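J.: I need the structure of the sequence given here:
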Amino acid sequence: MAPPDENATENSAENHLRFDEPKFDNDGDTGRKQSGAEQKGSIYAKPDLENGEEYANLVAYISSYYEGPRRKSVVSMEGGDVKKPWWKFWARGPKPEKSDGTMEIPDDWLEADIKQGISDSEVENRRKKTGFNELTTEKENMFLKFLSYFTGPILYVMEIAVLLAAGLREWIDFGVIIAILLLNATVGWYQEKQAADVVASLKGDIAMRATVIRNGKEEDIKARELVPGDIIIIEEGQVIPADARLICNYDTPEAFEEYKELMRQELNEPSEKKEGEEEEEEEEKHHGHSLVAADQSAITGESLAVDKFMGDTAYYTTGCKRGKAFAVVTAPARTSFVGRTASLVQGAKDQGHFKAIMNSIGTALLVIVVAWILISWIGGFFHHLKIATPEQGSENLLHYILILLVVGVPVGLPVVTTTTLAVGAAYLAKDKAIVQKLTAIESLAGVDVLCSDKTGTLTANQLSIREPYVAEDVDVNWMMAVAVLASSHNIKSLDPIDKVTILTLKRYPKAREILEQGWKTQKYTPFDPVSKRITTECTCDGHSYIAAKGAPKAILALSECSQETSDLFKNKAAEFARRGFRSLGVAVKKDNEPWELLGMLSMFDPPREDTAQTIAEAQFLGLQVKMLTGDAIAIAKETCKMLALGTKVYNSDRLIHGGLSGTTQHDLVERADGFAEVFPEHKYQVVEMIQQRGHLTAMTGDGVNDAPSLKKSDCGIAVEGASEAAQAAADIVFLAPGLSTIVSAIKIARQIFQRMKAYIQYRIALCFHLEIYLVTSMVIINETIDVELIVFLALFADLATIAVAYDNAHFEARPVEWQLPKIWIISVTLGCLLALGTWIVRGAMFLPNGGIIENFGNVQEVLFLEVSLTENWLIFVTRGGQTWPAWQLVAAIFGVDVLSTLFCIFGWISGAGYATDPRDRANLNPNGRTSVVTAVVIWAYSIGVTIVIAIVYYLMNQIEWLDNLGRKSRSRSDTQMENIIGHLSKVAIEHERDDKGGSRWHLGTRATEAEIDE
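T.: All right, here's what the predicted structure looks like:
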């Protein structure tokens, strides 16, 4: 078949379909000519480039395309969020009239003209009633957010301690405990706010946008600024920004009158559908031809795009696969179909595994401190202590409660761990990874299987067309022109394959000339996973053509070529696949002639330069990378070889229809290095089976139909360039391409996890240290550290570890997880060693020479300094020695150590002292002062204690059984259950009706997809 005659007379411009401009007739309002003044403010006033025809625009795009930085859209709606005065910190800002967003939208709101839209003033009025078009909750009240840092079991206990201190008239303790609470709340609030601001600034880069008609002009605005009644333009490649009712095709605005008549009919004709008439009336309710095709897979699970007609609703966050149409927004995001579904789970906030771990640790420490209080009271009874007297000392039972509550309840634990996560999210944001929820950091740190897509993650996403295969007696220019005909022509939102196909015509000027011969598109059918091809019905020079482009097998099935041609075509496709090229067949049908096979395009997406090295690094980190790609298996295997991945790559048909089930099917998925010809439903199945084997799984995705598998995985990752729907479903959104960014994020997540684990071990050890020492000293020698010094110890411990969120941390070379038995064993051991070290200092003071005291000193201040130094330095032990500590942490701890030393030397708040049995033999200073020499000796002794503890900590981590204590098996299988479920999946319930009208149900074998298709 030859291309159309190049000299054929072109049709007049008026008869051609516009690509992105409405078509007007010469009659009626929509066809009238506008004056220059009218055109200036009209929605139809377009740049000259867009006033041309569809194929003229396409050729201009090919000629003028420049791979450079894009200009940002200038059009935006002014106003945005109304700011409140700085002094009204308690105010929330303007609210909708109904905070739940459930107001009924008046009918007259939805009657805006498609040429004019609604005005800015009307937008503001409607927004006051409906709020912004977004699912996110209102901005948190900062004052209430600050108050939230005083809630929780641990903090409630500290607040009881405040009341107890006030009741005992210990005003210094009262003030210091309040200061501790305020310090933790202020630091936690500030650090979390700073981190949230960093993440929020990046989130603006991925905000959904919409094209809206307002004041008679097209504007590009953020989707959150839409209000009900806005006229929007939905087109191929966009995510639908709100629930919207379709009006008419963009090219035929005159159909607006038909739409209004349809709405009047629906309003005046009440529905009287009977129970058995749903299916019959379903066809009748469609009006006219399909305006757009929407991908609703994330909502309904349908893999095929759904045709939408005049008056149909296009749902929020679904993707437009074909067409361009006007629509009117019918509901804001919160009351949309997706929004109502999301609201069902908003009440049950997902606190995640991390919150459960923190609650279990906090509860255990509270139970333990109650037990120590009971023991101290029993000892106090034997020493004949009174409940609240003497008031001036700490030797009474209520003071014992106050002391043990302060030392045994880690007030900083919830704040420091939460802010460590928040600051970690800011670290990830600097690496172009936006954390949608903080608990995802913990999941990312524990991931051991990464299911990655190929294009853009493992490869550079820089498709190029190599030398094509052209069938015998076919002009290569004609074949390239047909390939472009069978592509999307929406130059604003081109699929990567269509884009490279179109731009390749830069190398084929004669093919561009063919496109300029007066083509008109009649119907465009986008790619779908069933037909595996794109088709375009078009006309030129009085002839009709159907151009097709798609998978070689799908294109070959169209043509009626000879066996020899078919074999040659298949062999060429196999050869391209072996070389790592993706093949696309091209065919054309003219009038009633048979399909003609024109040839095959070979596309190559080279692996990213850093991918092979990154995969090796991922494997070193204990991460198994599985490649999931829609390409043919030969291409997938070739790509795996290039990237040094394993070559155990299987076709997805083997997973679904290979006759495997139960344990055998799970084994295949677990051991495979990847799967080829994968559809979104296969991704979901792969993730589910890997999770059933005990693995923590991360899944990458970019399309609307990847949303279910992103939600299913333990950590859903939306890769660079992902659709808004995929971003909404993901836990983490990446703004930079490549696998290296994901592996880098995993390292950062493990570092964050290490900071939290180090702090938790440190804090538990501190609790046990003073609980053990103080209770034993209360019981044995009827002595305790004065309550005022105790509260300062607690304050200094929190001051010293404020900077732990900014510390340098190492990352483990294996997936991390909470090993609570190991954490408790190590922490209790360290606490016992610290208590032993303190007892040695206290016991030495009973020696005739005074033990550790040189010249003169005070028991209370000596104990205070030793406890403060050894506790502060413990964080250097639990953080590990793989990295140097951050200067912030060193500075904070050094500052606290200096303060503690000044307390000791000058005898601040030393108290009156205690009469112990046996008596102290040291030279005790009655005014509480301690000699500088004694302070130096305490420093040296504390260094020795810290070194001993560090050695014990190192040795404990070298014990293999302890190192693996609490780790879950990452590859566990329940053979019996897997086989049972596998067999049940093949069973179906069948319904039969006999001749007499009776019916019965029985179990049968489920039909395969092939049988269903037949």
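J.: Now the element after the longest helix along the chain, going C-ward?
T.: Using DSSP state H, we find that the single longest helix of the chain is helix 739-781. Sequence order places helix 787-800 as the next helix or strand after helix 739-781, per DSSP states H and E.
J.: Distance from the chain centre to that following helix, please.
T.: Relative to its chain's centre, helix 787-800 lies at 39 Å (CA atoms, centre = their mean, to the nearest Å).
J.: That one - contacts with which helices or strands?
T.: Applying 3 or more CB pairs under 8 Å, 6 or more residues apart in numbering; DSSP states H and E, we find helix 787-800 packed against helix 171-203, helix 397-408, helix 739-781, helix 859-878, helix 887-906. To be clear about C-beta, it is placed using only N, CA and C from the backbone, and glycine gets the same treatment.
J.: looking at these, which is closest to T211?
T.: Proximity to T211 (CB to CB) singles out helix 171-203 among the helices and strands packed on helix 787-800, at 21.2 Å.
J.: quick one: the closest one to helix 397-408, angle?
T.: Helix 171-203 runs at 30 degrees relative to helix 397-408, counting by axes from the mean of the first three to the mean of the last three CA atoms, to 10 degrees.
J.: how much does helix 171-203 deviate in direction from helix 787-800?
T.: Using the same axes, to 10 degrees: helix 171-203 against helix 787-800 is 10 degrees.
J.: Please work out which residues outside whatever helix or strand comes next after helix 171-203 touch it.
T.: Once the chain leaves helix 171-203, the next helix or strand it forms, by DSSP H and E, is strand 209-214. For strand 209-214, contacts defined as CB atoms under 8 Å, 6 or more residues apart in numbering pick out 43, 73, 77, 114-120, 123, 218-223, 226, 230-233, 235, 241-242, 326.
J.: helices and strands around the helix or strand just after strand 209-214, which ones?
T.: The helix or strand immediately downstream of strand 209-214 is strand 217-222, counting by DSSP H and E. Under the contact definition 3+ CB pairs under 8 Å, 6+ apart, strand 217-222 sits against strand 209-214.
J.: Kindly export the strand it packs on (C-alpha atoms) in PDB.
T.: Output of strand 209-214 as PDB, limited to C-alpha atoms (Å, rounded to 0.1, in the frame of the first residue of the first chain):
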ATOM      1  CA  ARG A 209      -3.200  21.000  39.000                       C
ATOM      2  CA  ALA A 210      -6.300  21.700  36.900                       C
ATOM      3  CA  THR A 211      -7.400  23.700  33.900                       C
ATOM      4  CA  VAL A 212     -10.400  25.800  34.800                       C
ATOM      5  CA  ILE A 213     -12.500  28.500  33.000                       C
ATOM      6  CA  ARG A 214     -13.000  31.600  35.100                       C
END
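J.: centroid residue for this structure?
T.: D731 (1.9 Å; CA atoms, centre = their mean).
J.: For the closest residue to that residue other than its chain neighbours, the count of nearby residues, please.
T.: Nearest non-adjacent residue to D731, counting by CB to CB, 6 or more residues apart in numbering: A440, 3.6 Å away. As a burial measure, A440 scores 25 neighbours (other CB atoms under 10 Å).
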